[in-house]
Structures are given as C-alpha cells and as structure tokens.
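*Asks:* Here is a sequence with its predicted model. Questions after.
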Amino acid sequence: MIDKQVYEHLKVPVERLSRRDPLRNWTAELPVDKIWDEDNVPEIADVRIANDSVVAAELVLSQVSEGVLVSGKLSVPWVGECSRCLFPVDGSAEAVVQELFELNPKEGESYLLGEEIVDLTPMARDSLLLELPIAAVACPFPEPCENYPEELMNSGIALKFLEKERAEMGSVSDPRWAALDDLIFDDDEDTDLESQ
C-alpha cells in the first residue's frame, strides 16, 4: 500500500524526485486562492468556481529523459444556474492530466521545469478551466429540473411552458436544413424508374 501524504501546495522540490527512494505521489487539497488570485477565479457564463472551494489533486510524478512527467487527476467544485430553469446548480470539474515539464518548454505542449521547483499550479489552472461547463443544465429536456419550486409546478405555469416548448420543438424544423428535403439522389431516381 502506497502511503500518500497530503500537501498544501502544488510546488514540488526537484531534488525529492531524484532520491534513492523518490517521491512519486503528490496528493493535495488546497483552497482555490492557492491556484487563482481572489480576483481571477474562473467564471464562464453562469458557471463559476466559488472562492471557498477546495482543489483536490492526486498526481504521480515520474522523471523521464525530457524532464518530469505528471499524470493523475485534478478536481474542483463549481456552482452556477441551470441554463433552462435558472435555479442554482452545482457540480465538479474533473481533469485527467498527463503533462510534461521540461527546462525548455514548448508553448502549448509542455510546462516549465524549474531548476529547484516543479510548479504544478499553471497546469492545474489550465486543466480545470477547460473542464468547466459552458452552460450548466440540471433538468434534461423536456422535464423541469428538481430545483423548480413546488408552488411553481403546482401553479401550472411550468407545465404550460413545457407544453408550449414541446409543441414548438415537434412542429418546427430547422430552416437551415430545409433545402435538403427537396434533394433527389440518383439512387432514388433509379428506384422510381424500376417501380414504373
């Protein structure tokens, strides 16, 4: 069984990786402000990472010929509004990572390996930002989400809205594809001739 120590930052001393019994597992649980400045916590549309959230990291570091390979998982909770019903929703952004840190990083391909420290923070920022949903949806169409207040559901307002939305979805086709309805393919013509 591997003994995993929990760290309070994402900066790994390089010398710990080259010992006879090297440090390989880096497990951390740290507040969001250790990853992002308080004013720069990500927010995409109606989805954001709350300032009091905790970023969890379970990473394995391996020395390779090019530098240090970091693989594992990062996660952080997010909050927002359902894009259909506008009631509060939450979830977790989870990023599976496998990134190379090297002394001369290639832009967009690898991260900087410091002479004394491997700073995993930029990788955590990039990876988690890419996993945030652009639009959070808690209620699968056409049913309203469980966050609808009971009095709203009982009033019939939500049901009338859903019935109208269902009718519109069923009767209106996308005008961008309307021209395709008039196309006749060679195979269709051959079939028509054979049937005559």
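*Replies:* Nice, I can see it. Numbering: from 1, shown residues only.

*Asks:* could you list every residue that touches residue 9?
*Replies:* Residues in contact with residue 9 (CB atoms under 8 Å, 6 or more residues apart in numbering) are 28, 30, 34. Quick note: C-beta positions are derived from backbone N, CA and C, even for glycine.

*Asks:* Now do the same for it: its pLDDT.
*Replies:* Looking at residue 9, its pLDDT reads 76.

*Asks:* which residues of this protein fall in helices?
*Replies:* Taking DSSP state H as the test, the helices found in the chain are 121-131, 150-155, 157-171, 186-195.

*Asks:* just to revisit the earlier point, could I have the buried ones of the contacts of residue 9 as PyMOL selection syntax?
*Replies:* The following PyMOL command selects only the buried members of these, with burial defined by 16 or more other CB atoms under 10 Å:
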select buried, resi 28+30
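
*Asks:* Inside strands: which ones of the contacts of residue 9?
*Replies:* Mapping those onto strands (DSSP state E) picks out 28, 30.

*Asks:* Just name the closest of the contacts of residue 9 to residue 59, please.
*Replies:* Proximity of the contacts of residue 9 to residue 59 (CB to CB) peaks at residue 28, which lies at 7.9 Å.

*Asks:* Residue 41: how many residues sit nearby?
*Replies:* By the other CB atoms under 10 Å criterion, the neighbourhood of residue 41 contains 15 residues.

*Asks:* My read is that it contacts residue 48, right?
*Replies:* Yes. Because the distance of 6.8 Å satisfies CB atoms under 8 Å, residue 41 is recorded as touching residue 48.

*Asks:* tell me the domain boundaries of this protein?
*Replies:* Using automatic domain parsing, the domains assigned to the chain come out as 6-131, 150-195.

*Asks:* Worst mean pLDDT among these?
*Replies:* When those are compared on mean pLDDT, domain 150-195 scores lowest, with a mean of 59.

*Asks:* For residue 9, see how far away the residue lying closest to residue 43 once chain neighbours are set aside is.
*Replies:* Spatially, and ignoring its direct neighbours in sequence, residue 43 is nearest to residue 49 (7.6 Å; CB to CB, 6 or more residues apart in numbering). Residue 49 sits at a distance of 18 Å from residue 9 (criterion: CB to CB, to the nearest Å).
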